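Visitor: for reference, the sequence and a predicted model appear below.
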Amino acid sequence: MDDVEILDVDDNNSPRQVPLKNQDLSQLSFTVGDFLSLYGWYLLAVTFTVFLLIQQLRKRRSSQNQQDSVPQTQLDASLVTKRQEAMEAARRKMQEELDAKAAIFKEKQRQQEEEKRRQKIEEWESMKQGKSCKGHKPSESSEEASSSSTALKPKTDKKPLRSPDYNPLMGQGGSCTWRPGRRGPSGGG
């Protein structure tokens with residue numbers, strides 16, 4: 001960058017060479033250093049004063065907001081109570097619905113238990129009279145018996161693939177055994 005030259009043209013169109021001023025930033029840092037050495041304490045005092053002023057303004061603004069919010073809190077209190085009452089009404093309604101569903105469920109359970117008890121009594125009465133159990137469905141029991149009889153029958157006509165004393169970890173039998181290679185140099189002679 002030091003070898004950059006700017007040519008300025010005069011009125012008579014002859015180029016004139018003008019050297020650049022402040023070719024590096026050392027002159028700028030020197031100027032800033034001079035400014036800080038001359039006015040640094042003043043600059044520090046002004047910055048501190050501005051900081052304190054901003055803090056005071058924030059305190060005033062927050063105190064004004066609190067004074068303005070006092071009437072709002074009374075409105076907020078009434079809104080809060082209205083919301084709470086609405087929520088309580090909704091909760092009561094949901095609880096009543098849940099209680100009604102629970103009562104219906106209990107009634108169904110009681111009816112089912114009553115039906116089971118009645119069926120057991122009928123079965124017991126029929127057993128006392130010597131009749132067969134009418135409570136059991138014969139189609140289900142016959143299906144269970146037929147499926148269990150087919151599942152329990154093992155096929156005995158197949159012969160086993162290996163003898164019962166075969167253990168693959170013992171290394172017996174088979175032509176696929178590993179043998180270590182020969183030691184020493186390979187080659188004949």
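Guide: Sure thing, it's come through.

Visitor: where do the helices sit along the protein?
Guide: Using DSSP state H, the helices of the chain run over 26-129, 138-152.

Visitor: can you tell me the average pLDDT over the shortest one?
Guide: For helix 138-152, mean pLDDT rounds to 53.

Visitor: kindly report the same for the first one.
Guide: The average pLDDT within helix 26-129 is 89.

Visitor: same for that helix, what does it pack against?
Guide: Packing contacts for helix 26-129, counted by 3 or more CB pairs under 8 Å, 6 or more residues apart in numbering; DSSP states H and E, involve no helix or strand. Where you see a C-beta, it was placed from the backbone N, CA and C, and this is true even at glycine.

Visitor: of the helices of the chain, which is nearest Arg182?
Guide: Arg182 lies closest to helix 138-152 among the helices of the chain, at 56.8 Å (CB to CB).

Visitor: could the helices of the chain be laid out in a markdown table, adding mean neighbour count and distance to Asp165?
Guide: Formatted as a markdown table, the helices of the chain follow (neighbours: other CB atoms under 10 Å; distance: least, CB to CB, whole Å):
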| stretch | mean neighbour count | distance to Asp165 |
| --- | --- | --- |
| helix 26-129 | 10 | 54 |
| helix 138-152 | 9 | 27 |
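
Visitor: how about these in JSON lines, adding distance to Leu161?
Guide: Below are those laid out as JSON lines (distance: least, CB to CB, whole Å):
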{"stretch": "helix 26-129", "distance to Leu161": "51"}
{"stretch": "helix 138-152", "distance to Leu161": "23"}
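
Visitor: of those, which is nearest Asp3?
Guide: Using CB to CB, these put helix 26-129 closest to Asp3, at 18.2 Å.
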